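Engineer: quick one: sequence plus predicted model below, questions after.
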Amino acid sequence: MVSKVTMPKLSDTMQEGVIVKWLKKEGDKVQSGDVIAEIETDKANLEMEAYASGVLKKIIKKEGESAPVGELIAIIAEPNEDISSLLPGGEGQKEAESPTPRRGAEEIEKPTEVVETGQERRTQVKEAEEFGEPEKIKEGEREKKRYLQVMKGGRTDEMEAAKKPEVSSAEELTEMEEEPEHIKASPMARRMAKNLGLDLSQIRGSGPLGRVIKRDIEMFMERAAKVPSYEPERPPRVIPGKIEVTPEVPVAAVPVEFEEKELSMMRKTIARRMAESKGPVPHFYITSEIDMGKAIEFRKLVNELEEDLKISFNDLIIKAVAKALMKYPQLNVSFTGDKIRVYKGIHIGVAVALEDGLITPVIRNCEVKSLGQIAREAKDLAEKARSKKLKPEEYTGSTFTISNLGMYDVENFAAIINPPEGAILAVGSIQEKPVVVEGQIRVGHRMKVTLSCDHRVTDGATAAKFLQELKKILENPMTLAV
Amino acid sequence: MPVITYREALNQALREEMRRDERVFLMGEEVGLYQGAYKVSQGLLEEFGEKRVIDTPITEEAFTGVGVGAAMVGLRPVIEMMTFNFSIVAMDQIVNSAAKIRYMSGGQFKIPMVIRGPGGAAHSLAAQHSQSLEAWFCYVPGLKVVMPGVPKDAKGLLKSAIRDDNPVIFIEGELLYGTKGEVPEGEYTIPLGKADIKRKGSDVTIIAYSKMVLLAMEAAEELAKEGIEVEIVDPLTLKPLDETTILNSVRKTNRVVIVEEGWEFGGFGAQIAEIIYRKAFDYIDAPIERVAARNVPMPYAKNLEMATIPNKARVIEAVKKVLYFD
């Protein structure tokens, strides 16, 4: 059985991947489930498993090359199986280029079963001979295939070349004639996917011939609800038109020397997502100055008490934000086009800077976690982030994000909302400055925070009250211990 | 509520309408002295006399034509077909006269006429006497077509049909006459063109009418034991069809099985399926399944007859198919 290995979708935002390393060589034996390659996605380097057994017959994308999700990157087959038809310039191509006259009915090919690996879509040979004269129908289908190929300028699609199993039932013919990439889905499933902003090609169809049906979408959403990572990235139907992320680069009158660097996967994702945020999301910003004097003492005290636990200012801020969000859940929301989704759990994304970008690991359910738990988790996630070991469920599904640039001596800044969240908190440095306390000028420790909010879901007064609450908590840090 | 037979319900409807409006009269073979081939007109001759309960010779085309003429001059005839198989010889009067005169006279003549009688199979009546011809009538503009499955609907709809100013084809069932059901006491009517939800459910919609409603109910009971909640929509009036009720149910369940006793090819269920595909396309999760008679003349042998018309097993199978239970 010939199996196509395609670029898998390893995260919900992944659109293409780079082969970091092939862990099997051409000719190596492969068992279904074996890790065969390491793939760099937009977020992390992940392992890719084989979905079929046999021999790694052909590596199509070499190490360092990138391929869009779904593209053929290798072929697994039996040692002596002929895969030439799958390769570029293979048999299928020739057939397309020179459409031959009708073949006789006696030349009926035995359908080859093709399993698409990455996509997990399985095409089965079934339902044949419902109409007594399968030969005739196959003949007709072949004709149509050739016709389609010619219409496409003689180019053969991989799927065509792969000799997609021919289905002889007349009822299925219409389905099979469509584009090879055509995803079979019931109208209901299509509608649901569209409304939820899901990519149908990522959902395994359990219906006949792999048709995606309602229950598949429901199951997908159920799983997504457990691990919020599959939540629709963007609120559906709110982005007017396409967001252009590649602006025109002005040509200078005088030659300017430059060097162009390839965008890393991560950079591309950041570029796309930030444009998706700033474009359609009407941001507004609100800043507050917080007296961190007591928080500094509190942190010192806690860190002295617990030897193996070091709590950072950021941990204090995470916990304080969670507490403030419990009081103001209006900011723990997403705009979904016609509704406001208020999240039950407070899942805080913490921006972690990396060499070529940033990532926001998520601390889930901060509303029930103690300061210590948050501190331990934050440390662990940050380490994983830096070593690119985060799993998709560890960096997706946040409901509010904190971006702290305090360590870079930044007084104040405004962050771009991490869609589809409703707000993000930008945290500046704690700065020593003269403050007036009870009529006296003293040295105080002040920190500025700026909340960026989506004006579609909330307004200034709510945002201000949230900041007041946050200020109150951080200025009375003992409340963080309860 | 009193429980009476389908036959008694129709009898009550006729009696009440004849009492209510003296223009209403009944005409057909054996409707008077013999009290109706299926005893639907029992006691009517006695109460209303020979002028209003008229026995005819075996001349369907002729007495249907008399009915059309009577309707044109202001009476409200109820024409009984001993069975609808015999309406075939009256087709010219039904299609070319009853259905067309209001239109072709520019509205000068109304045809307030009911043509009623049983349709469908009724155990070993063989090929010529077991037919479900509703699709034929639905095809013709100008006719209304009503097919009640339970006594309550039979009574309420027959009364509405008699009061309607258009020709109404009212198809009963030989095997339904003896079935019983609750019928409200006193005066009530059921409007034409309004479907009824016979059972509420969330998993799959079965659209069935006439005798097939009873079959669908049986199948639904059995499926409920497996946790499958069937919604049964009974259109009651096939034409004009209550699309809204059907489409609302489909939008809820996303899966449809249509059960009819007539032949599958060109059957009325195909029309319902077309409407659903066109108007609720985005709500369909599985290809619509139809359970209908096999495309053969009805065999005389009872076992073969049973194999030809829809049965419970086929309905259950169809439901499981649209639910993708393999």
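Structural biologist: That came through, no problem. Numbers count the residues shown, from 1 in each chain, chains lettered A, B, ... in the order given.

Engineer: now B:Glu264: closest residue in space, sequence neighbours ignored.
Structural biologist: Counting by Cβ to Cβ, 6 or more residues apart in numbering or on different chains, B:Ala292 is the residue found nearest to B:Glu264 once chain neighbours are left out, at 3.7 Å. (Each C-beta comes from the backbone N, C-alpha and C, glycine too.)

Engineer: ok, which stretches of chain B are strands?
Structural biologist: In chain B, the strands defined using DSSP state E lie at B:3-5, B:24-28, B:53-55, B:76-80, B:114-119, B:144-146, B:168-173, B:180-182, B:196-199, B:204-208, B:230-234, B:237-239, B:256-263, B:289-293.

Engineer: could you work out which of these reaches nearest to A:Arg376?
Structural biologist: Nearest of the strands of chain B to A:Arg376, taken as Cβ to Cβ: strand B:204-208 at 50.4 Å.

Engineer: partners of that closest one, with directions?
Structural biologist: strand B:230-234 (parallel), strand B:256-263 (parallel) (DSSP bridges).

Engineer: what comes into contact with the first one?
Structural biologist: Contacts of strand B:230-234 from elsewhere in the structure, counted by Cβ atoms under 8 Å, 6 or more residues apart in numbering or on different chains, are B:149, B:153, B:195-209, B:213, B:216-217, B:219-220, B:223-224, B:245-246, B:249, B:252-253, B:319.

Engineer: near chain B, which residues of the stretch 51-200 of chain A?
Structural biologist: Residues of the stretch 51-200 of chain A lying near chain B by Cβ under 8 Å from any Cβ of the partner chain: A:Ser186, A:Pro187, A:Met188, A:Ala189, A:Arg190, A:Arg191.

Engineer: in helices only, show me those.
Structural biologist: Residues of these located in helices (DSSP state H): A:Pro187, A:Met188, A:Ala189, A:Arg190, A:Arg191.

Engineer: the first one and B:Lys321: what is the separation?
Structural biologist: Right, A:Pro187. Using Cβ to Cβ, to the nearest Å, A:Pro187 is found at 17 Å from B:Lys321.

Engineer: ok, the closest residue to chain B within the stretch 201-350 of chain A - how many residues close by?
Structural biologist: In the stretch 201-350 of chain A, the residue that lies nearest chain B is A:Lys214 (4.2 Å; Cβ to the nearest Cβ). Close neighbours of A:Lys214, defined as other Cβ atoms under 10 Å in any protein chain shown, add up to 22.

Engineer: skipping adjacent residues, who's closest to it in space?
Structural biologist: Ranked by Cβ to Cβ, 6+ apart and with sequence neighbours excluded, the top spatial neighbour of A:Lys214 is B:Asp285, at 4.2 Å.

Engineer: could you do B:Glu231 as well?
Structural biologist: In space, and not counting its chain neighbours, B:Glu231 is closest to B:Gly201: 3.8 Å by Cβ to Cβ, 6+ apart.

Engineer: contact partners for the one you found?
Structural biologist: Applying Cβ under 8 Å, 6+ apart, we find B:Gly201 in contact with B:Ala220, B:Ile228, B:Glu229, B:Val230, B:Glu231, B:Ile232, B:Thr253.

Engineer: now do A:Lys391
Structural biologist: So A:Lys391 contacts A:Ala44 (Cβ under 8 Å, 6+ apart).

Engineer: for whichever residue of the stretch 1-150 of chain B sits closest to chain A, which non-adjacent residue is closest in space?
Structural biologist: The nearest approach of the stretch 1-150 of chain B to chain A comes at B:Ala135, 22.7 Å away (Cβ to the nearest Cβ). Among residues not flanking B:Ala135 along the chain, B:Phe268 sits closest, at 4.6 Å (Cβ to Cβ, 6+ apart).

Engineer: does that neighbour touch B:Val259 like I think?
Structural biologist: No: checked against Cβ atoms under 8 Å, the pair B:Phe268 and B:Val259 is beyond contact range at 10.8 Å.

Engineer: and A:Gln440, how many neighbours?
Structural biologist: By other Cβ under 10 Å, the residues close to A:Gln440 number 7.

Engineer: please apply the same query to A:Lys379.
Structural biologist: With neighbours defined by other Cβ under 10 Å, the count for A:Lys379 comes to 15.

Engineer: which pLDDT value goes with A:Glu40?
Structural biologist: We have a pLDDT of 85 for A:Glu40.

Engineer: beta partners of it?
Structural biologist: Per DSSP bridges, the residues bridged to A:Glu40 are A:Val18, A:Asn45.

Engineer: that one: what's it in contact with?
Structural biologist: With contact set as Cβ under 8 Å, 6+ apart, A:Glu40 has these partners: A:Gly17, A:Val18, A:Ile19, A:Val20, A:Met265.

Engineer: now swap in B:Asn85 and tell me
Structural biologist: Contact partners of B:Asn85, counting by Cβ under 8 Å, 6+ apart, are B:Gly119, B:Gln128, B:His129, B:Ser130, B:Gln131, B:Leu133.

Engineer: quick one: B:Gly106 and A:Lys57, what's the gap?
Structural biologist: Relative to A:Lys57, and taking Cβ to Cβ, B:Gly106 is found at 79 Å.

Engineer: so which of these two has more stuff around it?
Structural biologist: Shown here are B:Gly106 and A:Lys57; by other Cβ under 10 Å, A:Lys57 has more neighbours (24 against 7).

Engineer: phi first, then psi, for that one.
Structural biologist: Torsion angles at A:Lys57 (phi, psi; degrees, to the nearest 10) stand at phi -70, psi -40.
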